[in-house]
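Novice: Got a predicted model here, sequence first, then my questions.
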Amino acid sequence: MRAKKTSGTPVKVRKRRWTKDDTELTLLSVPTLIWYLIFSYLPMFGIIIAFKQYKLAPGGHGFIYNLFHSEWAGFSNFEYFFTSNSFSMLLRNTILYNIVFIIISATVAVGGALMLSNMINKKGSKIYQTMMFLPYFMSWVVISYFVYALLTPEKGLMNGLITALGGDPVMWYQEAKYWPFILVLLNTWKGMGYGMVMYLASITGIDPALYEAAVMDGATKTQQMRHITLPGIKPVFVMMLILDCGKIFNSDFGLFYQVTGQIPASLYETVSTFDTFIYKAMQSTAPIGQTAAASFFQAICSCGTILFANWVVSKIDNENRII
């Protein structure tokens, strides 16, 4: 028991006891906790590889033995990555693509959610929502085959239409200038259904009494959207924006590697990102310490950007910050 004084009179406050609900919720959280321990926290031990010149010791020893008996490299792996000729190009592509992805995807998702929520035919709205959500479940490998069928120089549908209209065929996989638009279009098409579902759920959670009161006051649909719907989805929008900022130094490997046909030399300067660079380095003879340093750099930058975005939100609108 603890006593708490209120207006000069001590009041006894009972200490909260462990209940059956607490036990059930704890048991439900155990699988998730185990998953994060095994796949998120335990692998963080491997960060030390970025500071080692990892080599296999003679005698057939295991990974842990080889790791601890490898020479300490300090920051030389990071220095190699930062001073490489591709670093500035990779940094530019990764950041710029993600900024464009965030802006366009958020705009399309919010706009689509607003349009679907205002549809009179709710059955049709559900059908459109399902059709837009289906691409999210498709693998980039499958999508890459559809893209190849459209863009293949010999028998592709796009070149067939161009030649039928009297134009010259386009060598799509050799013309880098088209691919920024292709990648942005595919990323928006694949992800807009997921974003729309998030915002539609937020719109559904808005109190209908607010709309009824607005109608009684003579508010138009545009005014209802401006003063009720948009403020209602603002917390989710800010949360999604902060989380997306945490991915700005990462890229969707399948989009940039599979869809482009494993990044031919003609497209290297345009579609290469940190993730594709790390994958190609792992396929080559590059030491594992250098690829680990590049991945560690991504992780640190992602953590920094999400904390910075959250700090900016806390200064502008403290109620909608994540932490």
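Specialist: Yep, it's here. In this text, all values refer to a predicted model and were calculated from it rather than measured experimentally.
Novice: Please make it C-alpha for all contacts and neighbour counts, starting now.
Specialist: Will do.
Novice: If we go by neighbour counts, what in stretch 70-86 is buried?
Specialist: 70, 72, 76-78, 81 (16 or more other CA atoms under 10 Å).
Novice: hmm, I was thinking of stretch 234-254
Specialist: Going by neighbour count (16+ other CA under 10 Å), the buried part of stretch 234-254 is 235-254.
Novice: sorry, back to before: which among the buried residues of stretch 70-86 gets closest to residue 321?
Specialist: Minimum distance to residue 321 across the buried residues of stretch 70-86 is 32.7 Å, recorded for residue 78 (CA to CA).
Novice: and the closest one, what is it in contact with?
Specialist: If a contact means CA atoms under 8 Å, 6 or more residues apart in numbering, then residue 78 has 50, 290, 293-294 as its contacts.
Novice: Check it and give its pLDDT.
Specialist: At residue 78, the model reports a pLDDT of 90.
Novice: From residue 297, how far off is it?
Specialist: To residue 297, residue 78 is 8 Å away according to CA to CA, to the nearest Å.
Novice: Make CSV out of the buried residues of stretch 70-86 and add secondary structure.
Specialist: Written out in CSV, the entries for the buried residues of stretch 70-86 read as follows (DSSP: H, G, I helix; E, B strand; the rest coil):
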residue, secondary structure
70, coil
72, strand
76, helix
77, helix
78, helix
81, helix
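Novice: Among these, which pair sits farthest apart?
Specialist: 70 and 81 (19.8 Å).
Novice: which residues of the stretch 1-150 of the chain fall in helices?
Specialist: Per DSSP state H, counting those that start in this stretch, the stretch 1-150 of the chain carries helices over the ranges 20-36, 63-69, 76-82, 87-117, 122-133, 140-151.
Novice: can you list the weak-confidence ranges in the stretch 51-200 of the chain?
Specialist: Within the stretch 51-200 of the chain, no stretch has pLDDT under 70.
Novice: if we go to 90?
Specialist: Within the stretch 51-200 of the chain, the stretches with pLDDT under 90 are 52-71, 73-75, 77, 79-86, 116-130, 132, 152-156, 166-168, 195, 197-198.
Novice: Of the buried residues of stretch 234-254, which belong to strands?
Specialist: Residues from those lying in strands, with DSSP state E as the criterion: none.
Novice: How many residues are close by residue 21?
Specialist: Residue 21 is flanked by 9 other residues according to other CA atoms under 10 Å.
Novice: one step back: can I get the buried residues of stretch 70-86 in JSON lines with distance to residue 59?
Specialist: Listed next are those as JSON lines, based on distance: CA to CA, whole Å:
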{"residue": "70", "distance to residue 59": "14"}
{"residue": "72", "distance to residue 59": "21"}
{"residue": "76", "distance to residue 59": "27"}
{"residue": "77", "distance to residue 59": "26"}
{"residue": "78", "distance to residue 59": "30"}
{"residue": "81", "distance to residue 59": "31"}
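Novice: how far away is residue 32 from residue 225?
Specialist: Noted for residue 32: a distance of 38 Å to residue 225, by CA to CA.
Novice: Settle it for me: which of those two has more neighbours?
Specialist: For residue 32 versus residue 225, the count of surrounding residues by other CA under 10 Å is larger for residue 225: 16 against 10.
Novice: Roughly how far does that one sit from residue 115?
Specialist: Using CA to CA, one obtains 10 Å as the distance from residue 225 to residue 115.
Novice: Next: residue 62.
Specialist: Applying CA to CA, one obtains 58 Å for the distance of residue 62 from residue 115.
Novice: and what of residue 19?
Specialist: If you measure residue 19 against residue 115 using CA to CA, the figure is 45 Å.
Novice: now swap in residue 298 and tell me
Specialist: Between residue 298 and residue 115 the distance is 37 Å, computed by CA to CA.
Novice: and these two? which has more neighbours close in?
Specialist: Set side by side, residue 298 and residue 115 show unequal neighbour counts under other CA under 10 Å, the larger going to residue 298 at 18 against 12.
Novice: Got the confidence number for the more buried one?
Specialist: At residue 298, the pLDDT value in this model is 92.
Novice: Please renumber the chain so that the first residue is 27 from this point on.
Specialist: Sure, I'll start counting at 27 from here, so that last one is residue 324.
Novice: Just to check, it is in contact with residue 277?
Specialist: No - taking contact to mean CA atoms under 8 Å, the distance of 10.2 Å between residue 324 and residue 277 leaves them out of contact.
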